[in-house]
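*Asks:* Test case, fold it:
(2 chains)
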Amino acid sequence: MNIILIGMNHRTAPVEIRERLHIVCSDEKETFRRLKDTPTVKETLYLVTCNRVEVMANVEDSESAVETLKNFLFSHVNLTREEMGKCLYTYHGDDAVRHLFRVASSIDSMVMGEPQILGQVKDAYRLCVENRASGVIFNRLLHHAFRVAKRVRTETGIANNAVSISFTAVQLAKKIFGDLKGKSILLIGAGEMAELAARHLMHNGVSKIIFVNRTYERAVHLAREFHGTASDFDLLGEKLQEVDIVISSTGAPGYIISADMITTALRRRKNRLMFFIDIAVPRDIDPDAGKIDNAYLYNIDNLQDVVDENIKERMKQAEKAELIIREEVTNYSRWLNSLEVVPTIVALRKKIDDIIEGEMTRSNSWMKDLGEEERENIDILVSSIIKKILHDPIIGLKEEGENGGADPYVAVVGKLFKLKEED
Amino acid sequence: MNILLFKIALFLYFLSTVGYIASLLIRRVLVAKVSTWILFSAFFVHSIYIVFRWAETGYGPVANIYESLSFVAWSISGVYLAFQVMTKTRVLGAFVSPLAFILAIGASVTLMGDVSMPEALKGSWALVHIMLSLTGEALFALAFLAGLMYLLQDSLIRKKNVHSFSRILPSLRDLDRINHISILWGFFLLTLGIIAGSTWARVVWGSHWQWDPKQISTLAAWLIYALLLHQRIAIGWKGRKAAFLSIIAFVVLLFTFIGVNVFFVTLHDFM
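*Replies:* Purely as a prediction, here's the structure:
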């Protein structure tokens, strides 16, 4: 048995090529049928996401299987072998296992540490089980991969810090307000990033949202979409005191919120904390506001700095993750190697059992005179002698198996005991 | 038996201190959770010790300076655990737990010694006075810690340095709330403690108020806390200013607790 993996991801293939495969592979039943029909393929799994296409298989002969799997992919896409060859990577054995672990742990993702990939791997495995394309090896392998992903997530904290502007805004708001339940936002202007931040904040418990825009209709439109309220631009100063978080992203040439306005608002709301997020360029909020007690101001550059720092932190955590993955690959391959000696051990045991049975039948003529208890004692004696004799060789075989050096021993044992291949 | 109980409590304080600090370093919530339970058991064992000790000596648990230290360790742990249940912020434990441990070590120095209660302290008013004041002071210590952490977190957020240390500190709002609630309760208990003390002073020294250095500096701390509460409740002070004032007030209080006995001659010296 050999595990192989061929695939392409965002680093090796442009989106035009990935999407072509994506379409082809979306008919799962057909894909699985064809993959399973491929000679020498015993188990197979395929994973398709926006950023990657991976086909993994447990095969008898890896050389020919890689070729057939490649052909399978080529035959679906209108590309020359050369073009495709550049995009594809191929891994064998431990490297294939490592790659799967890295993918599942989100180390190989475009946004390292993003949580969706594990779910996608789980879905891929579910499809594989539903289509009866998985066996002992893959069941164990995939469950191992899920465990590794969990270990990486809890032990490295790779996904702890936001790596997008909008999530960073949420994280900062939590640092200031703790729980965001019952908090309110004022969104000034419009813009994709501001709306995204508002959406994330609402996801995290913010319940009230007010929209202010130079064009009142736009504010009303947004209010309808977000189940919020719209307010007139001239009332901005008064609305400030009603909210905890202000997100501003207008196209105004100068400051639309002055430090004085903030001081007044804070006084009116008895100094309850306020968080200002200014993602407009040029800036909307007077930078002096950052010095006011109980007001916290972040502009787009500040947020970007936090994001950059978080990305660096993720890189550091990724190194830790690689160590965990290396360790787990070793664990898995030990188990996999130990499987190699299993047929030999089974055959050995069967042979011995057959011998005992034969001898017992032959001795039946004189043993029948013995009492029930004595016959039982003879049975126990024989089987315990056999057990003791076989104990060390079997342990030895297993150990050699785990270390990956079982081949000569399997051959010798097979030859000396004249074992027939059961497999 | 009593000594053994105290030693167990001391050991548990030590364990929870190690646990809390480890949880900061390796950032695992589980470790902090376990530490909280260890601290809780330390508090529990310590409570049993206090009850037994009380039964044994016949005096309250604050007969001398060492017993007082033990009592402060006990009450600060109790107050913190109550807050922990209320606010779910565990990180304060990393500061409270070592504090309780150090106080308990201080207490253990002459724990074996006999209790010789000064005449002036034999009386239930004296006992009430000491216990209320010490618990109040433990609350103020907690307010002080929360205040320090608030200032730290505030400056980290302002400097846009929200990575390393800021991450493990609680949110500003939680810290402000802990600061406010502990000052509110601390003030209430200290006020009752002062009233009890002055009632007792009338009995042993003949008048309610002696203008003793200890009394004066306690009054000063009390006034600062009164001012702080007034600003908070009437003016709506929050955050940085309140945290800062609570730190100053605690320094004055600490001087009252320790410094006065060193630098001045005071009636109020029973060491």
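*Asks:* Please list the outside residues in contact with stretch A:345-356.
*Replies:* A:382-383, A:386, A:390, A:393-394, A:397-398, A:413-414, A:417-422 (CB atoms under 8 Å, 6 or more residues apart in numbering or on different chains). All C-beta atoms are positioned from the backbone trio N, CA, C, and that covers glycine.
*Asks:* Which parts of that stretch count as buried, going by neighbours?
*Replies:* Across stretch A:345-356, burial judged by 16 or more other CB atoms under 10 Å in any protein chain shown covers A:345, A:347-348, A:352.
*Asks:* Helices along the stretch 1-150 of chain A, start to end?
*Replies:* In the stretch 1-150 of chain A, the helices defined using DSSP state H, counting those that start in this stretch lie at A:15-25, A:28-37, A:62-76, A:81-87, A:93-104, A:116-130, A:136-156.
*Asks:* tell me which parts of chain B are close to chain A?
*Replies:* By CB under 8 Å from any CB of the partner chain, the residues of chain B that approach chain A are B:27-28, B:153, B:157-158, B:160, B:162-163, B:166-167, B:170-174, B:236-241.
*Asks:* Mind picking the two most distant members of the contacts of stretch A:345-356?
*Replies:* A:Val382 and A:Glu421 (27.1 Å; CB to CB).
*Asks:* and of the buried residues of stretch A:345-356, the nearest to chain B?
*Replies:* Chain B lies nearest to A:Ile345 out of the buried residues of stretch A:345-356, by CB to the nearest CB, at 40.3 Å.
*Asks:* so what pLDDT did the closest one get?
*Replies:* A:Ile345 carries a pLDDT value of 88.
*Asks:* try the one 5 residues further on
*Replies:* We note a pLDDT of 89 for A:Lys350 in this prediction.
*Asks:* quick one: the strands in the chain?
*Replies:* Picking chain A for this. For chain A, applying DSSP state E gives strands covering A:2-9, A:41-48, A:52-59, A:89-92, A:184-189, A:208-212, A:229-231, A:245-249, A:274-278, A:295-299.
*Asks:* Among those, which comes closest to chain B?
*Replies:* Among those, strand A:295-299 sits nearest to chain B (CB to the nearest CB), with 5.7 Å.
*Asks:* which phi and psi does residue 60 have?
*Replies:* You didn't say which chain, so I picked chain A. phi -80, psi -50 (degrees, to the nearest 10).
*Asks:* wrong one, chain B
*Replies:* Main-chain torsions, B:Gly60, degrees, to the nearest 10: phi -70, psi 170.
*Asks:* Tell me the spacing between B:Ser207 and B:Ala201.
*Replies:* As judged by CB to CB, to the nearest Å, B:Ser207 and B:Ala201 stand 7 Å apart.
*Asks:* nope, A:Ser248 is what I was after
*Replies:* Remark: distance between A:Ser248 and B:Ala201 (CB to CB) = 60 Å.
*Asks:* out of these two, which sits in the busier spot?
*Replies:* Set side by side, A:Ser248 and B:Ala201 show more neighbours around A:Ser248, with 25 against 22, by other CB atoms under 10 Å in any protein chain shown.
*Asks:* residue contacts, that one?
*Replies:* Here A:Ser248 is in contact with A:187-189, A:194, A:256-257, A:276-280, A:284-285 (CB under 8 Å, 6+ apart).
*Asks:* run the last query once more with 10 Å
*Replies:* A:186-189, A:191, A:194, A:212, A:236, A:255-257, A:276-280, A:283-285, A:299 (CB atoms under 10 Å, 6 or more residues apart in numbering or on different chains).
*Asks:* How confident was the prediction at it?
*Replies:* Confidence for A:Ser248, expressed as pLDDT, is 92.
*Asks:* now do the one 5 residues further on
*Replies:* Confidence per residue is given as pLDDT, and for A:Pro253 that number is 89.
*Asks:* For it, give me the backbone phi and psi.
*Replies:* When read as degrees, to the nearest 10, the backbone of A:Pro253 gives phi -70, psi -30.
*Asks:* What sits closest to it if chain neighbours are left out?
*Replies:* Once flanking residues are discounted, A:Pro253 sits nearest to A:Pro282: 6.3 Å by CB to CB, 6 or more residues apart in numbering or on different chains.
*Asks:* For chain B, see how far away that neighbour is.
*Replies:* Distance of A:Pro282 to chain B, computed by CB to the nearest CB, to the nearest Å: 20 Å.
*Asks:* residues in contact with that residue?
*Replies:* Counted by CB under 10 Å, 6+ apart, A:Pro282 has contacts A:250-255.
*Asks:* Any of those residues buried? List them.
*Replies:* Looks like these have A:250, A:252, A:255 buried, using 16+ other CB under 10 Å.
*Asks:* Throw these into TSV and include distance to A:Phe72, thanks.
*Replies:* Listed next are the buried ones among the contacts of A:Pro282 as TSV, based on distance: CB to CB, whole Å:
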residue	distance to A:Phe72
A:Thr250	54
A:Ala252	57
A:Tyr255	61
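*Asks:* for those, which one is nearest chain B?
*Replies:* Looking at the buried ones among the contacts of A:Pro282 and their distance to chain B, the nearest is A:Tyr255, at 19.4 Å (CB to the nearest CB).
*Asks:* In contact with that closest one, which residues?
*Replies:* Going by CB under 10 Å, 6+ apart, A:Tyr255 touches A:248, A:261, A:278, A:280, A:282-289.
*Asks:* For chain A, give the helix that spans the most residues.
*Replies:* helix A:300-340 (DSSP state H).
*Asks:* How about the backbone phi and psi for the residue of the stretch 251-400 of chain A found nearest chain B?
*Replies:* Closest residue of the stretch 251-400 of chain A to chain B, CB to the nearest CB: A:Lys270 (3.4 Å). The phi and psi values for A:Lys270, taken as degrees, to the nearest 10, are phi 50, psi 40.
*Asks:* who's in contact with it?
*Replies:* A:241, A:294, B:232, B:235-238.
*Asks:* mind giving me JSON lines with those residues and columns for secondary structure, neighbour count and pLDDT?
*Replies:* As requested, the contacts of A:Lys270 are exported to JSON lines (DSSP: H, G, I helix; E, B strand; the rest coil; neighbours: other CB atoms under 10 Å in any protein chain shown; pLDDT from 0 to 100):
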{"residue": "A:Gln241", "secondary structure": "coil", "neighbour count": "18", "pLDDT": "92"}
{"residue": "A:Asn294", "secondary structure": "coil", "neighbour count": "23", "pLDDT": "92"}
{"residue": "B:Arg232", "secondary structure": "helix", "neighbour count": "22", "pLDDT": "88"}
{"residue": "B:Ile235", "secondary structure": "helix", "neighbour count": "12", "pLDDT": "81"}
{"residue": "B:Gly236", "secondary structure": "coil", "neighbour count": "15", "pLDDT": "81"}
{"residue": "B:Trp237", "secondary structure": "coil", "neighbour count": "22", "pLDDT": "84"}
{"residue": "B:Lys238", "secondary structure": "coil", "neighbour count": "23", "pLDDT": "85"}
